[in-house]
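In: Show me how the following folds:
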Amino acid sequence: MRRLLLLALPAAIACGGWYFHEHYQIERGPTGIAVKPRGSQPAPVQDTRPIRPVLATAGDTIRMATVNLDPLGESKLQHPEMSKVLAQTVRRFDLLAVQGIRADTSDVLAGFVEQLNASGPRYEYILGPRVGPPGRQQQFAFFYNTERLDADHQAAYVVEDPDDLLTYEPLAVPFAAHRTDGPNMTWTAINVLVDAPSAQRELPALAEVFRAVRDDGRKEDDIIMLGDFRIDDQHLLAAIAIPYSGCAITRTTSNARHTALAENILFDRRATVEFSGHAGVFDLMQQFNLNITEVLEIGEQLPAYADFYTGEGARRGRLATPAPDNRLR
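Out: Okay, the predicted model is just below:
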């Protein structure tokens, strides 16, 4: 089987009408292939020491989430009731990774964000280019609360797969939390979607995506992968086989019918000690008093979320204690 070669390509990535790109190069080393910005310094050697308990400092939390709204386009975003529910949903999170955007025009999100920003904190978005095979192309986006987070727009990129092991190339964006009383948490978020018929091939390939983004020359060790993995947490961890990896969402379901888990948030437990241990699934039916038909019109999947402390290296207690709303019904 061919090794997956990953290249962070220059991409037209839109954010409120702006477009950003970054140049990268592939380098071969003793441990394989790495992706680095041109002129970057070598990535640091990976720490292989075992996980040790870390006492947390006091700090606020931010809430990250992911949801596949396929198909998300003009019909949903311009529908009065559905757009209202979507706007209220986005506002429940500081960062929301969205998959399944299939719009005919490139400015479809601009009108929605205008509605989103009619009151309350200001949100911005980063929209990736169309990816995927002809006839099935879609876009990924991140919505984020500018009062809580900063995004490095110039460093946003898509990850290309020359060997065609992935159906949809992931979108990677660096973020930083706002904090006034100490070092702030920084991380690179990767927005991913696994194609169900090709999951057996694509899930192991995501490990290469994770490593390529981690080793892209920015020296960022907090890599958080958010998306629709089409599989539950136990099978995901077995398939992706990233050392010390963990899933925020466990022992629950993420689809509207409550039959399966697909949406999840994956990270290195040794590096991302900022995970609070609190995570769950945002049930649109309960939150907005909708019936199942109304929820399914919005999407098959529900947002899966996790809370992280804003301080770099902050953690309270032990790792990943499931919250009551994260248990299987």
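
In: and the nearest residue to residue 186 once chain neighbours are set aside, which of the three is it?
Out: Nearest-residue entry for residue 186: residue 176, 4.5 Å, with adjacent residues in sequence omitted and distances by Cβ to Cβ, 6 or more residues apart in numbering. Just so you know, the C-beta spots here come from the backbone N, C-alpha and C atoms, and that holds for glycine as well. Counting by DSSP: H, G, I helix; E, B strand; the rest coil, the backbone at residue 176 sits in strand.

In: Kindly tell me how buried residue 176 is, as a neighbour count.
Out: The local packing of residue 176 (other Cβ atoms under 10 Å) involves 15 other residues.

In: Beyond the lengthiest helix in the chain, next helix or strand please.
Out: If you go by DSSP state H, the chain has its longest helix at helix 199-214. Remark: after helix 199-214, the chain's next helix or strand is strand 223-228, criterion DSSP states H and E.

In: coming back round to it: wait, the residue nearest to residue 186 sits on residue 184?
Out: Yes - under the criterion of Cβ atoms under 8 Å, residue 176 makes contact with residue 184 at 5.6 Å.

In: Name the residues linked to the residue nearest to residue 186 by a beta bridge.
Out: The partner list for residue 176 in beta bridges (DSSP bridges) reads residue 150, residue 186.

In: So for stretch 259-270, mean pLDDT?
Out: Mean pLDDT, stretch 259-270: 98.

In: shift numbering so it begins at 716
Out: Shifting the count to begin at 716 puts that one at stretch 974-985.

In: still on that earlier bit, so which bits of the longest helix of the chain are buried?
Out: Buried residues in helix 914-929, counted by 16 or more other Cβ atoms under 10 Å: 914, 916-918, 920-929.

In: what does stretch 1004-1019 give?
Out: Using 16+ other Cβ under 10 Å as the test for burial, stretch 1004-1019 gives 1005, 1009-1010, 1013-1019.

In: Could you tell me how many residues sit around residue 873?
Out: 23.

In: How far off centre is stretch 826-841?
Out: How far stretch 826-841 lies from its chain's middle: 19 Å, per Cα atoms, centre = their mean, to the nearest Å.

In: How about stretch 966-985?
Out: Stretch 966-985 sits 13 Å away from the centroid of its parent chain (Cα atoms, centre = their mean).
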